[in-house]
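>>> have a look at this fold, sequence not included:
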């Protein structure tokens with residue numbers, strides 16, 4: 001183990017890290033990095049870049065740097081948790097469990113990172129989600145039961161049978177939509193899009209989301225206009241991003257009057273891309289703006305029933321945006337319409 005006693009030259013340090021150690025770290029189901037005596041990162045696993053701990057080959061987290069300094073000063077292994085932002089904007093946070101240990105007498109430090117905080121968050125969200133689901137499912141199930149009982153009583157009255165059968169069909173459709181949205185939200189809560197991230201073209205996401213809403217727009221005689229779309233990429237999960245943009249476009253169509261139009265465009269500013277969905281709908285009162293992203297919250301329950309709204313669409317948008325290190329914003333005025341914006345960090349260019 002003579003490699004532990006060399007002078008603090010970064011090139012020497014890098015060459016002296018045993019290949020067996022690198023192979024072991026790469027095989028672990030967690031992230032890790034090795035920090036040189038000068039603070040330069042000599043090795044890191046592939047997903048470290050997604051944790052907002054590193055910038056320009058150096059540790060950017062003050063909390064992690066503090067742990068590393070304690071390890072060098074005491075020589076003792078340190079364990080603890082730190083909180084990092086998921087992206088440069090938004091309120092998304094990630095709690096990381098850290099183990100830092102000295103691996104050379106000159107101050108080289110190995111850091112092992114485990115996302116236990118995310119697992120705890122998912123468990124808490126799941127418990128809360130199950131409680132909400134139990135309540136929401138009662139209404140359509142009870143309606144189906146009552147209509148079925150009514151059918152049995154009027155089976156010899158064809159016209160009334162048809163009327164109640166249509167009511168059952170409508171409730172079944174609502175229940176199907178609700179189950180679909182529940183499954184979508186459950187998938188989002190069980191997986192972190194940055195764990196299996198890819199670079200995704202924003203224009204492709206928008207194009208696919210609009211295509212999915214084409215039939216609905218035609219049925220409601222609403223034109224979906226595509227404005228200026230910037231050529232940029234983001235890091236994340238394509239399916240989730242398409243789902244989020246689709247939900248905004250679908251929501252805009254549902255809350256717009258026939259003959260109006262919905263526009264989709266982007267704007268780039270300071271390495272942030274905004275996907276903007278603007279409608280000419282009924283608008284939203286100021287007191288409701290802070291609540292529209294809550295699960296199952298409906299500004300107008302009667303209109304939601306008429307359009308088949310589940311109360312989960314905007315919650316999914318918020319969840320996707322936050323988990324991609326971004327945020328969702330809304331501007332609205334009664335009788336004028338609303339503009340929703342998914343704001344995401346643009347993918348950093350890879351340095352060869």
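Looks like it came in fine. Predicted model, so just to flag it, every value in this text is computed and none were measured. Numbers count the residues shown, from 1 in each chain.
>>> I'd like the next helix or strand past the least confident helix or strand in the chain by mean pLDDT.
For the chain, using mean pLDDT, DSSP states H and E, the weakest element among its helices and strands is helix 301-307, scoring a mean of 48. Of the helices and strands lying after helix 301-307 in sequence (DSSP states H and E), the nearest is helix 313-323.
>>> so what secondary structure elements neighbour the helix or strand just after that following helix?
Remark: after helix 313-323, the chain's next helix or strand is strand 327-333, criterion DSSP H and E. Where contact means 3 or more Cβ pairs under 8 Å, 6 or more residues apart in numbering; DSSP states H and E, strand 327-333 is packed against helix 313-323, strand 337-345. Glycine gets a C-beta too; all of them are placed from N, C-alpha and C.
>>> from the chain's centroid, how far away is strand 327-333?
Centroid separation for strand 327-333 versus its chain: 17 Å, with Cα atoms, centre = their mean, to the nearest Å.
>>> try stretch 150-157
The answer for stretch 150-157 is 48 Å, by Cα atoms, centre = their mean.
>>> hmm, who's touching it?
Stretch 150-157 has contacts (Cβ atoms under 8 Å, 6 or more residues apart in numbering) with 160, 161, 164, 165, 168.
>>> mind giving me the PyMOL command for buried ones among the residues you listed?
Command for PyMOL that selects the buried part of the contacts of stretch 150-157, burial taken from 16 or more other Cβ atoms under 10 Å:
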select buried, resi 164+168
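>>> closest one to residue 36 out of the contacts of stretch 150-157, please.
Nearest to residue 36 among the contacts of stretch 150-157 is residue 168, at 68.7 Å by Cβ to Cβ.
>>> circling back to that earlier point, next step: the contacts of stretch 150-157 restricted to helices.
160, 161, 164, 165, 168 (DSSP state H).
>>> flag the shaky bits of the stretch 101-250 of the chain, pLDDT-wise.
Scanning the stretch 101-250 of the chain for pLDDT under 70 picks out the ranges 116-140, 173-174, 177-178, 180-193, 195-196.
>>> one more time with 80, if that's ok
115-152, 155-156, 160, 164, 166-197 (pLDDT under 80).
>>> which parts of it are helices?
Per DSSP state H, counting those that start in this stretch, the stretch 101-250 of the chain carries helices over the ranges 116-153, 158-190, 202-212, 214-219, 238-254.
>>> quick check: next helix or strand after the last one?
Read that as helix 238-254. Criterion used, DSSP H and E; the element after helix 238-254 is strand 261-269.
>>> now that following strand, how far from the chain's geometric center?
Offset of strand 261-269 from its chain centre (Cα atoms, centre = their mean): 20 Å.
>>> neighbouring strands for that strand, and are they parallel or not?
strand 223-226 (parallel), strand 272-278 (antiparallel) (DSSP bridges).
>>> in JSON lines: those, plus distance to residue 101 and mean neighbour count.
Output for those, formatted as JSON lines (distance: least, Cβ to Cβ, whole Å; neighbours: other Cβ atoms under 10 Å):
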{"stretch": "strand 223-226", "distance to residue 101": "53", "mean neighbour count": "14"}
{"stretch": "strand 272-278", "distance to residue 101": "37", "mean neighbour count": "22"}
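>>> so which of those gets nearest residue 242?
With Cβ to Cβ as the yardstick, what comes closest out of those is strand 272-278 (11.0 Å).
>>> quick check: angle from that closest one to strand 327-333?
Angular relation of strand 272-278 and strand 327-333 on a 0 to 180 degree scale: 40 degrees, by axes from the mean of the first three to the mean of the last three Cα atoms, to 10 degrees.
>>> re the thing from before, out of the strands paired with strand 261-269, which is closest to residue 209?
Short answer: strand 272-278, nearest of those by Cβ to Cβ, at 9.0 Å.
>>> count of residues packed around residue 92?
Residue 92 has 19 neighbouring residues, counting by other Cβ atoms under 10 Å.
>>> so it touches residue 86, yeah?
Yes: Residue 92 lies in contact with residue 86 (Cβ atoms under 8 Å); the separation is 3.5 Å.
>>> joint contacts of those two?
322, 323, 325.
>>> just the buried ones from these?
Buried, going by 16+ other Cβ under 10 Å: 322, 323, 325, out of the shared contacts of residue 92 and residue 86.
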